[in-house]
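[1] Build me a structure from this.
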Amino acid sequence: MKKLGLFLAACWIGISSCAAQSRTEYVAPENTQFRVVGYVPGYRDLDAVPDRTLAQLDIACYAFATIDSTGIPRVANEKQLARFVRRAHRLGVKVMLSFNGKHARFAQMASDDRQRKAFVDEIWRLVQRYHMDGVDNDWEFPRTTDGTAESNLALMKDLARLCRGGEKQYLLTMAVTSGLYPGNRSDAISDELIALVDWLNVMVYGNFSETRPYQQHSPYSMLEASYDYWIVRRGMDPRKFVAGLPVYGLASGLPKRTSSASYATILRQNGPQAMVCDSARVVNSVHTTPYWVYYNGLPTIYRKVAFCVDKGLGGIMFWEVSQDTTEGASLVKAACDAARFEWKNKEE
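    Below you'll find the predicted structure:
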């Protein structure tokens, strides 16, 4: 608790003087592979994400290339993609192309050799054309119950051959379930698949119910349970576990589509005190009566980052960066500051 108090005090001081400070990028300590990964959706205004936030990342996952009805991945705005890659590279940030889409379309494409080749070829064309640094699979979710675990493995093998087959080595990752509820979705991520990837982006958030109110969707205990599943039970190398952190809140008990709120919105409606809480009341155009949303404030983020450093995990991941505040109390920067703080204490 003493370390937490010192860290939060530093956050308050930093926020009060942030306008006068130059940006400070997160740099992993020597001899570690602790990564800071952030998803950046192409459907957002990415120009509104400040350089000082983007520069905190080691890797940005551009989301998404979405599989269409013909089985081909499409980027909605390739000009924006090109502009974003140039900007990220200028800041020293690698960019991966993340793909997603409807489960049924993935199931059809990945099970057919010809369609799978066409999909992989188009992903690779986009990566090469826009000088990207790797590929992230965000198929949510292959399963052991319908044959998609095997077809997803075939897809990842095809991608791995391209990512590893040339002079330049490209990153290959996959977003996966937290493992909080072990079953066909977590079992679909086989040991053979884990061996193919550089790391897994573990989505330690989104434990949500539209019928049960007052439920935190990303508690600290969920990270502990996820670690127990992937590392203790499955025996995965901890360095391949990159822990997802939410930059948003969910209103348990209400429809997700109309009640989620960005971290920026939560702070804007509640003031800076909301950064040290895990719940707050907000309103929007659909729900005009104040309702509770549950999110991760700085104390919880600090505890999670400290856990990741202590357990030797591969890093942290944010969903998603554009939902962070641009007005001082940046969740992304606070998490990176916490990682620096923890590594310094660990090395001492």
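[2] Let me know the secondary structure of Arg340.
    Under the three-state scheme (DSSP: H, G, I helix; E, B strand; the rest coil), Arg340 adopts helix.
[3] The chain should start at 9 in everything you say after this.
    Done: numbering now begins at 9, and the last item shifts to Arg348.
[4] Quick check: it vs Gln331, distance?
    Arg348 is 23 Å from Gln331, where distance means Cβ to Cβ, to the nearest Å. In short, each C-beta sits where N, CA and C put it, glycine included.
[5] now swap in Pro49 and tell me
    Taking Cβ to Cβ, one finds Pro49 at 9 Å from Gln331.
[6] Looking at these two, which is more packed in?
    Per other Cβ atoms under 10 Å, whichever of Pro49 and Gln331 has more neighbours is Gln331, with 25 against 16.
[7] Please enumerate the strands of the stretch 59-208 of the chain.
    67-75, 81-82, 102-108, 142-145, 179-185, 207-211 (DSSP state E, counting those that start in this stretch).
[8] For the stretch 109-258 of the chain, give me the ranges with low pLDDT.
    Scanning the stretch 109-258 of the chain for pLDDT under 70 picks out no residues.
[9] Let me see the ranges of the helices in it.
    Secondary structure of the stretch 109-258 of the chain by DSSP state H, counting those that start in this stretch: the helices cover 111-118, 121-137, 156-172, 192-195, 199-204, 228-235.
[10] Only the buried residues of the last one, if you could.
    In other words, helix 228-235. 228, 230-231, 233-235 (16 or more other Cβ atoms under 10 Å).
[11] Packing partners of it?
    strand 249-254, helix 306-318 (3 or more Cβ pairs under 8 Å, 6 or more residues apart in numbering; DSSP states H and E).
[12] If we use 6 Å, what do you get?
    helix 306-318 (3 or more Cβ pairs under 6 Å, 6 or more residues apart in numbering; DSSP states H and E).
[13] Give me the contacts around the next helix-or-strand element following the helix it packs on.
    Per DSSP states H and E, the first helix or strand lying C-terminal to helix 306-318 is strand 323-327. Outside of strand 323-327, the residues within contact range by Cβ atoms under 6 Å, 6 or more residues apart in numbering are 42-47, 209, 250-253, 255, 316, 340, 343.
[14] For these, pick the one with the most neighbours.
    Ranked by neighbour count (other Cβ under 10 Å), these have Asn209 at the top, with 30 neighbours.
[15] Could you save the strands of the stretch 59-208 of the chain as JSON lines and add columns showing distance to Ser260?
    Shown next, in JSON lines, are these (distance: least, Cβ to Cβ, whole Å):
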{"stretch": "strand 67-75", "distance to Ser260": "24"}
{"stretch": "strand 81-82", "distance to Ser260": "33"}
{"stretch": "strand 102-108", "distance to Ser260": "24"}
{"stretch": "strand 142-145", "distance to Ser260": "28"}
{"stretch": "strand 179-185", "distance to Ser260": "19"}
{"stretch": "strand 207-211", "distance to Ser260": "17"}
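[16] closest one to Asp120 among those?
    Closest approach to Asp120 among these is made by strand 67-75 (12.8 Å; Cβ to Cβ).
[17] just the angle between the closest one and helix 111-118, please?
    Per axes from the mean of the first three to the mean of the last three Cα atoms, to 10 degrees, the angle that strand 67-75 makes with helix 111-118 is 90 degrees.
[18] Does anything pack onto strand 67-75? Which helices or strands?
    strand 43-49, strand 81-82, strand 102-108.
[19] Within the sheet, what are the partner strands of it, with directions?
    In the sheet, strand 67-75 lines up against strand 43-49 (parallel), strand 81-82 (antiparallel), strand 102-108 (parallel) (DSSP bridges).
[20] could you dump the ones you listed to TSV with distance to Lys312 and mean pLDDT?
    Output for those, formatted as TSV (distance: least, Cβ to Cβ, whole Å; pLDDT from 0 to 100):
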stretch	distance to Lys312	mean pLDDT
strand 43-49	13	98
strand 81-82	32	98
strand 102-108	22	99
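[21] Distance to Ile131 for the ones you listed - can I get that in CSV?
    Output for the strands paired with strand 67-75, formatted as CSV (distance: least, Cβ to Cβ, whole Å):
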stretch, distance to Ile131
strand 43-49, 17
strand 81-82, 6
strand 102-108, 6
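[22] Of the ones you listed, give the one that comes closest to Gln281.
    That would be strand 43-49 among these, by Cβ to Cβ, at 25.4 Å.
[23] just how off-centre is the closest one within its chain?
    5 Å (Cα atoms, centre = their mean, to the nearest Å).
[24] circling back: of all the strands paired with strand 67-75, which lies closest to Tyr299?
    strand 43-49 (24.3 Å).
[25] Give me the angle between the closest one and strand 207-211.
    60 degrees.
[26] JSON lines please, covering the helices of the stretch 109-258 of the chain and showing distance to Ile324.
    Compiled in JSON lines, the helices of the stretch 109-258 of the chain are given as follows (distance: least, Cβ to Cβ, whole Å):
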{"stretch": "helix 111-118", "distance to Ile324": "27"}
{"stretch": "helix 121-137", "distance to Ile324": "24"}
{"stretch": "helix 156-172", "distance to Ile324": "23"}
{"stretch": "helix 192-195", "distance to Ile324": "20"}
{"stretch": "helix 199-204", "distance to Ile324": "19"}
{"stretch": "helix 228-235", "distance to Ile324": "10"}
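[27] for stretch 86-96, the distance to its chain's centre please.
    Averaging C-alpha positions (Cα atoms, centre = their mean) puts stretch 86-96 19 Å from its chain's average.
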